[in-house]
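J.: got a sequence here, can you model it:
(one chain, ligands or ions: 1)
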Amino acid sequence: MTEETKKDLTLDPQDWEAMRSLGHQMIDDLFDYWKGIREQKIWRPIPDEVKEYLDQPLPEKGEAPEKIYEEFKHYIFPYNKGNIHPRFFAWIQGTGTPLGVLADLLASGMNPNCTIGEHSAMYVDHQVVNWCKQLMNFPTEASGILVSGGSMANITALTVARNSFGDEKIRSRGLKAASAQLVLYCSVETHSCIQKAAEIIGLGTESVRKIGVNERFEMRVDELESQIQEDLKNGLLPFAVVGTSGTVNTGAIDPMDELLAISKKYGLWFHVDGAYGALAKLNPNYSGRLKALEDADSIAFDLHKWLYVPYEVGCTLIRDSKKHREAFAITPNYLLQESRGLSGGLDSLNNYGFELSRGFKALKIWMSLKEHGREKYAQMITQNSNQAEYLGKLVEKNPKLELTAPVSMSITCFRMIKEGFSEEELRELNREILLRIQEEGIASPSSTILNGKFTLRIANTNQRTRMEDMDLLVKEVLRIGDEIINEWVNS
Ligand SMILES: *Cc1c(COP(=O)(O)O)cnc(C)c1O
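T.: Residues are numbered from 1 along each chain as shown. Reported below is the predicted structural model:
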């Protein structure tokens with residue numbers, strides 16, 4: 001053998017000290033970025049040069065990490081989405097926190113696959129799920145699992161609901177075991193992931209009843225009940241009601257007490273999609289309306305939205321831990337547990353969900369909750385709602401603006417109006433305002449259409465937003481709107 005072939009290969013750095021100082025540089029750059037973010041443009045268009053750079057063939061040979069980092073800084077870093085910025089209000093997205101990011105770094109450095117085995121990450125994960133139950137005031141005997149986000153949390157819960165339906169042995173025999181079609185109820189405002197979940201777990205789109213909403217975009221309970229009765233009359237099997245705590249469009253809250261009562265009356269599984277707004281429970285102004293969450297059969301909620309931890313992590317809580325386990329547990333020979341040693345310890349987490357490989361996503365939640373405590377999160381969540389309401393008042397005070405939905409949770413929907421403009425012209429005006437305010441890098445609202453009205457939508461789960469950002473937002477919307485109207489008049 002030559003000297004060369006005797007060398008064992010590795011992916012570790014050839015020069016540890018150089019990699020260490022590169023790592024320090026990355027951390028320094030990140031801290032500068034975070035500290036200065038308020039003064040930065042929130043978003044910038046991606047130049048063609050960058051898109052070309054990101055359309056290259058697979059590398060055959062390696063390059064120096066320093067060079068790769070330089071390219072990252074030039075081509076990737078400047079064109080971030082912007083949701084770490086204090087004026088990011090699009091969709092529903094969290095900001096993250098510095099310690100949350102560092103926790104992710106540490107989690108990735110330890111790199112445990114957090115599903116099975118006797119190691120510390122399993123206990124951190126277990127504790128975080130217990131803390132999630134406490135945040136929701138859910139019973140201690142309940143079970144839960146951390147997943148990638150709200151969509152996975154919802155499908156996990158609905159899978160348990162389906163597999164534990166009646167005595168039909170749906171898990172082993174599939175849906176054909178049920179004597180008729182299972183039917184799920186939600187509202188027309190329910191997030192699309194519920195429909196997708198229903199399709200994936202074999203119910204099909206036709207089994208999803210989308211109940212109408214009132215003028216506050218909340219599910220109409222009378223319509224729900226008459227639909228259930230009609231389905232029963234037709235020999236179908238109503239099996240689950242999904243109530244939303246904070247709809248993605250307007251932050252509306254379905255009437256939880258009534259949904260719980262109807263679910264009990266008809267023996268249905270009551271699931272709450274609280275991906276966005278279950279955590280509003282921590283705001284005293286909302287805790288009363290969300291009290292019934294505590295009696296739900298299952299809750300899905302995101303921690304990367306209103307707990308502000310870095311992407312990605314959501315949580316499912318299931319009241320009946322036995323049903324939860326029975327929906328997923330399988331123990332193949334290669335996953336046997338022992339009472340001692342590395343394969344001892346807590347019940348394997350793949351008995352509670354579909355995923356087998358799981359990162360140590362619990363650490364960023366564990367560190368964040370320890371860093372700030374429940375009280376601070378309650379204040380932050382309340383602050384976001386107060387900011388949304390303040391914005392609502394600014395809109396109401398201004399004759400050039402109009403609210404298009406009641407302010408709820410932390411979402412404010414409004415548009416600019418102008419006398420003599422048709423609906424179509426108003427749509428064009430507000431769309432152009434939206435695009436320009438984004439392109440000028442001032443703020444990032446998103447849009448929706450409510451009762452046919454094209455609407456600017458400000459969803460605030462942002463731990464960096466200040467009240468003054470709301471004043472600035474209104475000022476800039478009006479400035480840009482007037483500018484557009486002038487251009488139209490002069491053309
Ligand atoms: C965000 C959201 C979802 C989806 O959650 P992801 O974390 O994006 O998968 C579902 N329902 C509601 C109400 C949401 O706000």
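
J.: and the helix or strand hosting M152, C-alpha only, in CSV?
T.: Mapping M152 onto the secondary structure by DSSP states H and E places it in helix 150-163. Once side chains and other backbone atoms are set aside, the C-alpha atoms of helix 150-163 remain, and they are given as CSV (Å, rounded to 0.1, in the frame of the first residue of the first chain):
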residue,chain,number,x,y,z
GLY,A,150,-49.0,22.8,12.3
SER,A,151,-49.8,20.7,9.3
MET,A,152,-48.0,17.6,10.7
ALA,A,153,-49.5,18.3,14.1
ASN,A,154,-53.0,18.3,12.6
ILE,A,155,-52.6,15.2,10.6
THR,A,156,-51.1,13.4,13.6
ALA,A,157,-54.2,14.3,15.7
LEU,A,158,-56.6,13.4,13.0
THR,A,159,-54.9,10.0,12.5
VAL,A,160,-55.5,9.2,16.1
ALA,A,161,-59.1,10.4,15.8
ARG,A,162,-59.6,8.1,12.8
ASN,A,163,-57.9,5.0,14.2
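
J.: right, is it up against the ligand?
T.: Yes - in terms of Cβ under 6 Å from any ligand atom, part of helix 150-163 sits within range of the ligand, namely 150-151. (Each C-beta comes from the backbone N, C-alpha and C, glycine too.)

J.: quick one: buried residues of that helix?
T.: Judged by neighbour count using 16 or more other Cβ atoms under 10 Å, the buried positions of helix 150-163 are 150-163.

J.: for stretch 121-138, same thing?
T.: The neighbour-count criterion (16+ other Cβ under 10 Å) identifies 121-122, 124-126, 128-129, 131-133, 135-136, 138 as the buried residues of stretch 121-138.

J.: so which of these would you say is closest to D320?
T.: When those are compared for distance to D320 (Cβ to Cβ), F138 wins out at 11.5 Å.

J.: so what's that closest one up against?
T.: For F138, the set of contacting residues under the criterion of Cβ atoms under 8 Å, 6 or more residues apart in numbering consists of 132, 144, 294, 299, 317, 319.

J.: quickly list what the residue of the stretch 351-491 of the chain found nearest the ligand is bridged to.
T.: Shortest the stretch 351-491 of the chain-to-the ligand distance, computed as Cβ to the nearest ligand atom: residue-wise this is A459, at 8.7 Å. Beta-bridge partners for A459, by DSSP bridges, are I411.

J.: how about the residues of the stretch 101-250 of the chain by the ligand?
T.: For the stretch 101-250 of the chain, the residues in contact with the ligand (Cβ under 6 Å from any ligand atom) are 149-151, 191, 193, 244, 246-248.

J.: if you rank these by neighbours, which is first?
T.: Neighbour counts for these (other Cβ atoms under 10 Å) peak at G246, which has 32 neighbours.

J.: around the nearest residue to it once chain neighbours are set aside, how many other residues sit close by?
T.: In space, not counting the residues next to it along the chain, G246 is nearest to G277; the distance is 2.1 Å by Cβ to Cβ, 6 or more residues apart in numbering. Counted by other Cβ under 10 Å, the residues lying close to G277 total 33.

J.: give me the distance between G277 and E468.
T.: Per Cβ to Cβ, to the nearest Å, G277 is found 25 Å from E468.

J.: for S368, same thing?
T.: Relative to E468, S368 is positioned 26 Å away (Cβ to Cβ).

J.: try N351
T.: For N351, the distance to E468 under the criterion Cβ to Cβ works out to 49 Å.

J.: what of L268?
T.: From L268 to E468 the distance is 46 Å (Cβ to Cβ).

J.: more neighbours: the two, which one.
T.: Taking L268 and E468 together and counting by other Cβ under 10 Å, L268 has the greater number of neighbours (22 against 9).

J.: all strands for the stretch 1-150 of the chain, in order.
T.: 143-147 (DSSP state E, counting those that start in this stretch).

J.: ok, now which ones touch H24?
T.: No contacts exist for H24 under Cβ under 8 Å, 6+ apart.

J.: ok, now how distant is it from the ligand?
T.: Noted for H24: a distance of 33 Å to the ligand, by Cβ to the nearest ligand atom, to the nearest Å.

J.: what does D104 give?
T.: Using Cβ to the nearest ligand atom, one gets 17 Å for the distance from D104 to the ligand.

J.: same deal with G341?
T.: Here the criterion is Cβ to the nearest ligand atom. By it, G341 lies 36 Å from the ligand.
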